[in-house]
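Trainee: The sequence and its predicted three-dimensional model are supplied below.
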Amino acid sequence: MTAKTPEEPLDLRVRRRLRELRTARGLTLQQVAERARIDVSTLSRLEAGKRRLALDHIPALAGALGVSADELLRATPPQDPRVRTRPRTVDGLTMWPLTHRGPAGGLHAFKIRIAPERDTPPETLGVHEGHDWMYVLDGRMRLLLGDEDLVIAPGEAVEFSTWTPHWFGTVEGPVELIAILGPQGERLHLHT
C-alpha cells in the first residue's frame with residue numbers, strides 16, 4: 001500500500017507553476033507582466049507569495065504564459081526519472097550521462113569507457129577549474145597527476161583537484177569507470 005501525499009495548497013501550486021512555466025519558456029518577470037497587463041512588482045510578489053493571488057489574475061497570467069487556466073491550476077505532472085541522453089565519444093572516451101541537468105552544484109555523473117587505443121598521454125597535461133572523482137569498474141586505468149604516474153585498479157577510487165595537470169587512459173585493454181565531473185571537466189573531456 002502506498003502512502004498518499006497531502007495535496008499542495010492551490011495558491012502555493014499556482015505560484016510554483018507560474019515560476020516553472022515562466023522559466024521553462026525563458027521569459028522574464030517583465031515580459032510576463034507586460035503580456036498579462038499587470039505591474040511587474042505585482043507579478044514578483046505573486047510568485048514570491050508576498051501578495052495574495054486573486055481569481056482575476058488567473059486568465060491573464062495563463063494567457064501571458066500561453067497555457068490554459070486549467071494547466072496553470074493543475075499540479076505539475078511527475079517527471080520521468082530516467083536519464084535518456086545518448087553517449088558521446090571523443091578522443092577515446094565514450095561517456096554516458098547518468099544524471100539530468102539540474103541541481104547537485106553543477107556536478108554530473110558519467111559512466112565512461114576508455115578505448116584501449118587511449119594509452120599515450122599528450123605532451124601537455126590538461127588543467128581546469130574543479131574537482132574530479134572516478135571509480136574504476138573494470139580494467140586498469142593509468143592516471144597522470146602532476147608528477148605522479150598511477151595505475152588505478154578495479155574497485156579503487158581517485159579524487160583530485162583538476163588544477164593539478166592530469167590525464168587518464170588505459171594500461172592495457174579497455175577501462176570502464178564511473179566519474180563525477182564538474183562542468184569544466186565535462187567540457188574538457190567531451191570537447192577535446
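Mentor: Perfect, I can see it now.

Trainee: biggest helix in the protein by residues?
Mentor: Ordering each helix of the chain by length in residues (DSSP state H) puts helix 10-24 first.

Trainee: Compute the mean per-residue pLDDT across the helix or strand following that one, please.
Mentor: Next helix or strand after helix 10-24 toward the C-terminus (DSSP states H and E): helix 29-36. The average of the pLDDT scores along helix 29-36 is 91.

Trainee: other SSEs contacting helix 29-36?
Mentor: Contact partners of helix 29-36 among helices and strands, from 3 or more CB pairs under 8 Å, 6 or more residues apart in numbering; DSSP states H and E: helix 10-24, helix 40-48, helix 57-65. C-beta: built from backbone N, CA, C; applies to glycine.

Trainee: again, only using 6 Å
Mentor: helix 40-48, helix 57-65 (3 or more CB pairs under 6 Å, 6 or more residues apart in numbering; DSSP states H and E).

Trainee: how far is stretch 42-49 from where the chain is centred?
Mentor: For stretch 42-49, the separation from the chain centroid amounts to 27 Å (computed by CA atoms, centre = their mean, to the nearest Å).

Trainee: Pull out the buried positions in it.
Mentor: 43, 46, 47 (16 or more other CB atoms under 10 Å).

Trainee: Nearest spatial neighbour of the second one, chain-adjacent residues omitted?
Mentor: Counting by CB to CB, 6 or more residues apart in numbering, residue 53 is the residue found nearest to residue 46 once chain neighbours are left out, at 5.8 Å.

Trainee: and what of residue 159?
Mentor: residue 133 (4.7 Å).

Trainee: If I look at the residue in the chain sticking out farthest from the centre, what pLDDT would I see?
Mentor: Distance from the C-alpha centroid of the chain, by CA atoms, centre = their mean, peaks at residue 56 (36.7 Å). Residue 56 carries a pLDDT value of 83.
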